[in-house]
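[1] just to be clear, the model below is a prediction. Sequence and coordinates:
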Amino acid sequence: MVNAFAYVPAVVLLPFFSFLIALGAGRYLPKGGAFGGITATAGSLLLSLWVAAAVAGGGEYNETIYTWAGGEQFELTFGLLIDPLSALMLVIVSLVAVLVHVFSLGYMNDEGETGLPRYYAGLGLFTASMLGFVVADNLLMAFMFFELVGLCSYLLIGFHFREPGPPSAAKKAFLVTRFGDYFFLVGVVAVFATFGTAAFAGEGSFPALAAAALPPDGSVDVWTPGGLDVGTWFTVIGLLVLGGVIGKSAQFPLHTWLPDAMEGPTPVSALIHAATMVAAGVYLVARMYGFYTLSPTALAVIAFIGGFTALFAATMGVVKDELKQVLAYSTISQYGYMMLALGAGGYVAAVFHLTTHAFFKALLFLGAGSVIIAMHHNEDMWDMGGLKSRMPVTYYTFLAGSLALAGIFPFAGFWSKDEILYEALVHAPGEPLLFGGYLMGLLAVPVTAFYTFRMVFLTFHGEPRTETARDPEPVRWNVKGPLTVLGSLAVVTGLINMVPVKTVFELKGIDYLHRWLNNEWGGIEGLSSHHYADIGPYSSQPIVGGEVGTVLAGAAVSLGLALAGLGLAWQLYGGASPAEHTAKLGGIKDVLYNNYYLDELQVWLAYRTEDVAGVADVFDQGIIDGVVNGVSSVSLAGGGRIRLIQTGLVSQYAGMITLGLIALLVILSVGGGWFL
């Protein structure tokens, strides 16, 4: 029987080969090597589905494939880890990647478009890097692919490098995420120093990191700096790694790069936001979740940052005029929800929202790309209107994605967002940071629905507001096909984990994602991520009328708030000729439109850092180096003077000796009594 796990390396290597082909021979191939990329990512998708089927059947794969450095304390290795979490993520990444490749056939088809081999090479390397990150079996290997994902985003965001905007946006994305990755790198070093291993998979239900910290006999025997308390040190490590997560997943305060990243081609935005770079941070926390459960403090910080980011980013989406800008702030907000879930102990809820969001956010970005094609690359929603009847496939699929994003029943986003809020609610009592995160996540619900349907109504409803909107450019099958697939997924993906239905009606077996991540079908033993559905540092406390009452009350409140936001958007922007009501906000709109002036703050801090560095340089040159250089100058000057008497002439040396003896005799004769 053929073993599916033997082909796991091919899942990563196929897109990598498409990168090499496009880079080396793309100029000689149709569409710059697009069809090679489509074939490769489709092959990765088929292999990923095969691997997922093998995992469902109880299979496992955790192998070291190469040891590149070793020592007495630890080894540095490359290896592959396939468990329910990584198998699911392989399917998500490869599916979105193949749809983005197909969509690119229609989007990157403008006359005069250059650099297509470079574009498809970048997509291939991006996909391969994310797939390599997903299957990494240790933290150091994950860090390497984490950085490669960042490099690919830099290259693709700046694809149109001859224009002024994209190179600047690419540099900003690279530098901001690198700042977070400095903390991640220190965290990796701390993990090796503490545990002697960075492997994700252990022998029990906890990963190796947690197993080293929590052995079966209950004793704790790990290295900590200066005898620091173990719990405090685990929190420090968790927060260090979290620095990289905050950068990649665009959480406050390192979120500022993501809106600027819209300068890249729209299919790249879909790949970044749905399945690669921004998803990498959340996936890393989920991958290390067994370790994070050992630090309630780190989880509480994660929950609060996530809840704050969900609300904070949503408020900025309310006033944006460009289609992709609204979606960018939506992405920041939705990944905030995932972080809230992870911090609240909702491991499955976070993975669930990661899954549903991948499909409806890829759909919305590709739908925006379809509109941008039709509008001749004009992204201003105030120049649109009336596209509903002119672009029916784009409209109805975009509407499905919008309903999922807003959390409207029964679309996918309703189920995953509702489970996140439920997990935060029942675990919040007695946890101030978690309760604060829950309240902010709840407040973000109507704001999300409002900006989402403000976008829908301005783009597709009412009367056309420009000549281009009256006669839009038609789109082809390679645009409509991916939209149709993703639109269907935005409708049905919520069915994979209907926990509220299971709870209320006491039905068994319909919480498929819980069962998948616990692998109740095959019962994998010894891998790292399963059995997380029921672990965590919090106790569950239903709030209203027991578990069923809390589920119903939470769902009703969340859905009611979402419908209220939708209704307000309809009232303000659903007419034939909508007005810009956000202008009535006055100075508040200016603050929101300028992103709370955080970009200016970061520039100011950069210049202040430069000033501090200048003062430090003066101190270093004048005081530290000045003292050392002064001492050496005295020594050199004295040596230079003494060197003058070293002539090499014996007669001069004899004369100097004679003079010295005479001087000595004079001194002794004058002061002889004193000497005696």
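    Noted; the coordinates are in hand.

[2] in the longest helix along the chain, what's buried?
    With secondary structure taken from DSSP state H, the chain has its longest helix at helix 165-195. By 16 or more other CB atoms under 10 Å, the buried positions in helix 165-195 come out as 166-167, 169-170, 172-174, 176-181, 183-188, 190-192, 194-195. C-beta here means a position set from N, CA and C on the backbone, and glycine is covered the same way.

[3] which of the helices or strands spans residue 489?
    Assigned by DSSP states H and E, residue 489 belongs to helix 477-492.

[4] chain center to whatever helix or strand comes next after that helix: distance?
    Past helix 477-492, further along toward the C-terminus, the next helix or strand under DSSP H and E is helix 499-505. Chain-centre distance of helix 499-505: 32 Å, with CA atoms, centre = their mean, to the nearest Å.

[5] any idea how many residues pack against the closest residue to residue 656 other than its chain neighbours?
    Nearest in space to residue 656, with sequence neighbours left out and distances taken as CB to CB, 6 or more residues apart in numbering, is residue 645 at 7.3 Å. Counted with other CB atoms under 10 Å, residues neighbouring residue 645 total 9.

[6] one more: residue 64?
    13.

[7] ok, now residue 515?
    Around residue 515 there are 18 residues (other CB under 10 Å).

[8] which stretches of this structure have low pLDDT?
    1, 110-112, 202-221, 519-537, 644, 671-676 (pLDDT under 70).

[9] what ranges do the strands span in it?
    Secondary structure of the chain (DSSP state E): strands located at 61-70, 75-82.

[10] what comes into contact with the last one?
    Spelled out, it's strand 75-82. Identification of contacts with strand 75-82 by CB atoms under 8 Å, 6 or more residues apart in numbering yields 5, 8-9, 51, 55, 59-70, 135-138, 140-141, 199-201, 527-528.

[11] same deal with stretch 292-307?
    210, 213-214, 231, 234-235, 238-239, 242, 246, 251-252, 285, 335-345, 424, 431, 433-434, 436-441, 444, 532, 535-538.

[12] let's go with 6 Å and repeat that
    Stretch 292-307 has contacts (CB atoms under 6 Å, 6 or more residues apart in numbering) with 210, 234-235, 238-239, 251, 336, 339-340, 342-344, 433-434, 436-437, 440-441, 535-537.

[13] check the gap between the nearest residue to residue 465 once chain neighbours are set aside and residue 330 for me.
    Spatial nearest neighbour of residue 465, chain neighbours left out: residue 385 (4.5 Å); criterion: CB to CB, 6+ apart. Using CB to CB, to the nearest Å, residue 385 is found at 21 Å from residue 330.

[14] who has more neighbours, these two?
    Between residue 385 and residue 330, counted using other CB under 10 Å, residue 330 has the larger neighbour count: 27 against 22.

[15] which residues does that one contact?
    Residues near residue 330 by CB under 6 Å, 6+ apart: residue 317.

[16] same check on the one 3 residues further on?
    Neighbour list for residue 333: 310, 313-314 [criterion: CB under 6 Å, 6+ apart].

[17] could you redo the last one with a cut-off of 7 Å?
    309-310, 313-314, 444, 448 (CB atoms under 7 Å, 6 or more residues apart in numbering).

[18] now the longest helix of the chain: how far from the chain's centre is it?
    Distance, stretch centre to chain centre, for helix 165-195: 11 Å (CA atoms, centre = their mean).

[19] quick check: residue 105 touching residue 32?
    No: distance between residue 105 and residue 32: 10.4 Å, which falls outside the contact criterion (CB atoms under 7 Å).

[20] ok, these two, which is more surrounded?
    Counted by other CB under 10 Å, residue 105 and residue 32 do not tie: residue 32 has more neighbours, with 24 against 20.

[21] hmm, residue 121 and that one touching each other?
    No: using CB under 7 Å, residue 32 makes no contact with residue 121, being 8.5 Å away.

[22] which residues are in contact with both of these two?
    22, 26.

[23] distance of residue 165 relative to residue 492?
    If you go by CB to CB, the gap between residue 165 and residue 492 works out to 38 Å.

[24] which of the contacts of strand 75-82 are buried?
    5, 8, 51, 55, 59-62, 135-138, 140-141, 199-201, 527-528.

[25] show me these that map onto helices.
    Using DSSP H, the buried ones among the contacts of strand 75-82 in helices are 8, 51, 55, 135, 140-141.
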